[in-house]
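K.L.:
Starting from these lines, generate the structure:
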Amino acid sequence: MPDAAGRAEAGSQRLKPRGSSQGGLRQYNERVVLQAIRLNGALPGAEIARLTHLTAQTVSMISKRLEADGLLLRGEPQRGKVGQPSVPLSLNPDGAFAVGIKVGRRSVDVLLVDFAGAVRRRWTSEYRYPDPTALLAEIGARLAEIRAGLSTVELDRVQGVGIAAPFSLGGWQTLLDMPPEVAARWPGIDLHAEVATLTDWPVSLLKDTAAACVAELVAGRGRSISSFLYVFVDTFIGGGLVLDSHLRAGLHGNAGAIGSLPLALAAAARIEAGGGKGASSAGLPAPPQLLSVASLLNLELLYHAAGLAIGAVADARALQAPWRAHTEAWLQQAAAAVALAINSAACLLDLESVIVDGSFSRELQAALVAALDAALNRYSWEGVTRPALLPGTIGSDARALGGALLPLHANFSPDRDLFLKIVAD
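P.N.:
Predicted coordinates:
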């Protein structure tokens with residue numbers, strides 16, 4: 001069994017594929033070179049060869065092809081003390097594009113993302129609840145606007161559209177105050193198929209919190225962490241699960257769905273544990289789920305009851321008077337509930353880290369991480385290793401960005417099995 005140092009070294013190698021100088025692997029080696037530059041920034045050929053274990057000659061030939069294809073840019077020569085000057089190679093942001101769409105319970109975001117992962121354009125439309133007709137009309141209008149704003153060359157470089165959406169947009173209608181007739185329409189809507197009719201670009205679909213996890217895995221802390229539970233706090237809290245550097249979806253796509261975790265024993269178990277033999281659990285409510293306590297919707301309800309603007313959940317006002325008192329109350333309750341979920345997950349999965357992000361300000365994120373750290377201290381960790389608690393790096397764009405990464409990763413990453421297998425039909 002490898003020691004701690006060996007495990008750390010193995011973890012540090014994630015998302016750093018090695019190439020091969022043997023024939024027949026041209027496309028794979030090209031992707032390896034692109035991945036090395038994506039992860040490390042602009043690099044000279046010698047450094048690319050060292051990182052990828054390709055020969056200098058192979059790297060030189062690949063670099064020339066990628067530059068000719070418009071995927072790499074050659075920088076200014078950097079002169080050292082000895083030898084020939086090195087020429088750094090970087091990704092060409094205009095080399096490829098993708099569209100990411102986040103369909104949420106309160107808003108839809110559409111992003112145009114370039115090859116370097118930067119957001120070129122962003123559209124957001126808010127609503128009280130998602131109505132399928134209005135939502136699809138909005139998506140269609142934004143896709144048409146993107147197409148109209150790109151040149152012929154840029155249009156040819158669009159790799160596809162990635163959608164990040166909850167699996168049950170018609171669920172929890174009471175909490176969202178969604179009309180029953182609207183909620184009833186969602187089970188008959190195939191969002192993937194409907195969006196595919198609006199564009200000739202390839203379309204892929206991923207659960208929203210899993211897509212956010214993809215963004216953190218590929219473009220955030222996940223590049224150096226091999227196993228982590230991802231927690232994303234939005235209207236409803238949710239999550240994703242990465243094990244051995246791969247996003248794990250589970251049989252039904254619900255792995256990491258921490259929002260549905262119960263916060264107490266079910267009624268029959270409570271009665272039996274309390275010695276209440278002969279008592280019946282019939283008609284007793286099920287224990288509350290994590291999402292009913294630790295979601296931003298709960299914070300919105302606190303603000304609303306106090307007559308305060310609920311939009312403060314997403315910005316710096318959340319930690320300012322008069323919102324602060326309500327935010328602090330929510331933080332304590334949410335942190336206690338999430339800490340229970342983390343403790344249970346760590347016992348089951350032996351996680352390296354837990355990464356926390358969400359659709360809120362970085363200040364509120366830091367406050368939640370601090371409250372979570374204190375809540376985790378109240379648990380016994382005997383017999384299990386407490387995972388490191390880390391703030392996520394992407395923020396509210398994580399779901400749409402994760403969606404955009406689906407087609408980019410499909411066409412340019414050497415590790416096709418990283419997460420794309422979970423969206424296969």
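K.L.:
Which residue ranges of the stretch 1-150 of the chain form strands?
P.N.:
72-74, 89-91, 97-103, 107-114, 119-126 (DSSP state E, counting those that start in this stretch).
K.L.:
Buried deepest among these, which one?
P.N.:
Of all these, strand 97-103 carries the top mean neighbour count, a mean of 27, counting by mean count of other Cβ atoms under 10 Å. For glycine as for every other residue, the C-beta is placed from the backbone atoms N, C-alpha and C.
K.L.:
Parallel or antiparallel, list what pairs with that one.
P.N.:
Sheet neighbours of strand 97-103, with direction, are listed as strand 107-114 (antiparallel), strand 158-165 (parallel) (DSSP bridges).
K.L.:
List just the one of the strands of the stretch 1-150 of the chain that sits closest to Ala267.
P.N.:
strand 97-103 (35.3 Å; Cβ to Cβ).
K.L.:
distance between the closest one and the chain's centre?
P.N.:
Relative to the centre of its chain, strand 97-103 is centred 13 Å away, using Cα atoms, centre = their mean, to the nearest Å.
K.L.:
likewise stretch 311-330?
P.N.:
So, by Cα atoms, centre = their mean, the centroid of stretch 311-330 is 25 Å from its chain's centroid.
K.L.:
Would you tell me what the next helix or strand after the biggest helix by length in the chain is?
P.N.:
With residue count as the measure and DSSP state H as the assignment, the chain has helix 324-349 as its longest helix. Scanning forward in sequence from helix 324-349, with DSSP states H and E defining helices and strands, the next element found is strand 353-358.
K.L.:
quick check: angle from that following strand to helix 324-349?
P.N.:
On the basis of axes from the mean of the first three to the mean of the last three Cα atoms, to 10 degrees, strand 353-358 is oriented at 150 degrees to helix 324-349.
K.L.:
I'd say Pro256 and Phe232 touch.
P.N.:
Actually, residue 256 is Gly. It isn't Pro. No - applying Cβ atoms under 8 Å, one finds Gly256 not in contact with Phe232, separated by 9.5 Å.
K.L.:
what sits in contact with each of these two?
P.N.:
Where contact means Cβ atoms under 8 Å, 6 or more residues apart in numbering, the residues bridging Gly256 and Phe232 through contact with each are 209, 213, 238-240.
K.L.:
want to throw those residues into JSON lines with secondary structure, pLDDT and distance to Leu143?
P.N.:
Written out in JSON lines, the entries for the shared contacts of Gly256 and Phe232 read as follows (DSSP: H, G, I helix; E, B strand; the rest coil; pLDDT from 0 to 100; distance: Cβ to Cβ, whole Å):
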{"residue": "Thr209", "secondary structure": "helix", "pLDDT": "93", "distance to Leu143": "24"}
{"residue": "Cys213", "secondary structure": "helix", "pLDDT": "95", "distance to Leu143": "25"}
{"residue": "Gly238", "secondary structure": "strand", "pLDDT": "95", "distance to Leu143": "26"}
{"residue": "Gly239", "secondary structure": "strand", "pLDDT": "95", "distance to Leu143": "29"}
{"residue": "Gly240", "secondary structure": "strand", "pLDDT": "95", "distance to Leu143": "26"}
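K.L.:
sorry, back to before: distance from the longest helix of the chain to the middle of the chain?
P.N.:
For helix 324-349, the gap between its own C-alpha mean and the chain's C-alpha mean amounts to 20 Å (Cα atoms, centre = their mean).
K.L.:
quick check: mean pLDDT across that helix?
P.N.:
For helix 324-349, the per-residue pLDDT values average out at 97.
K.L.:
Which strands or helices does that helix pack on?
P.N.:
strand 228-233, helix 291-294, helix 296-305, strand 353-358, helix 362-376 (3 or more Cβ pairs under 8 Å, 6 or more residues apart in numbering; DSSP states H and E).
K.L.:
Please name whichever of the strands of the stretch 1-150 of the chain is nearest to Leu265.
P.N.:
With Cβ to Cβ as the measure, strand 97-103 is the member of the strands of the stretch 1-150 of the chain nearest Leu265 (34.9 Å).
K.L.:
confidence score at Trp186?
P.N.:
On the pLDDT scale, Trp186 gets 92.
K.L.:
and it, that one's in a helix?
P.N.:
Yes - for Trp186, which was evaluated using DSSP: H, G, I helix; E, B strand; the rest coil, the result is membership in a helix.
K.L.:
follow-up on the earlier one: please work out which of the helices and strands packed on helix 324-349 is packed deepest.
P.N.:
The highest mean neighbour count among the helices and strands packed on helix 324-349 belongs to strand 228-233 (a mean of 28), with neighbours defined as mean count of other Cβ under 10 Å.
K.L.:
Pull the distance from that one to the chain's centre.
P.N.:
Relative to where its chain is centred, strand 228-233 has its mean C-alpha point 8 Å off (Cα atoms, centre = their mean).
K.L.:
The residue positioned nearest the centre of the chain: what's it in contact with?
P.N.:
By Cα atoms, centre = their mean, the mean C-alpha position of the chain lies nearest to Ala212, the distance being 1.4 Å. With contacts defined as Cβ under 8 Å, 6+ apart, the neighbours of Ala212 are 164, 230, 232, 240, 357, 394, 398-399, 402.
K.L.:
hang on, the earlier thing: could you check the angle helix 362-376 makes with the longest helix of the chain?
P.N.:
Note on geometry: by the same axes, to 10 degrees, helix 324-349 and helix 362-376 are set 60 degrees apart in direction.
K.L.:
thinking again about what came up before, tell me the one of the contacts of Ala212 nearest Gln333?
P.N.:
Distances from Gln333 to those, taken by Cβ to Cβ, are shortest for Phe232, at 18.1 Å.
K.L.:
Quick check: that closest one touching Ala398?
P.N.:
Yes - judged on Cβ under 8 Å, Phe232 makes contact with Ala398 at a distance of 6.7 Å.
K.L.:
Which helix or strand in the protein has the lowest average pLDDT?
P.N.:
For the chain, scoring each helix and strand by mean pLDDT, DSSP states H and E identifies helix 4-12 as the least confident one, at a mean of 35.
K.L.:
in the chain, which segments are predicted with low confidence?
P.N.:
1-24, 80-84, 172, 268-283, 416-425 (pLDDT under 70).
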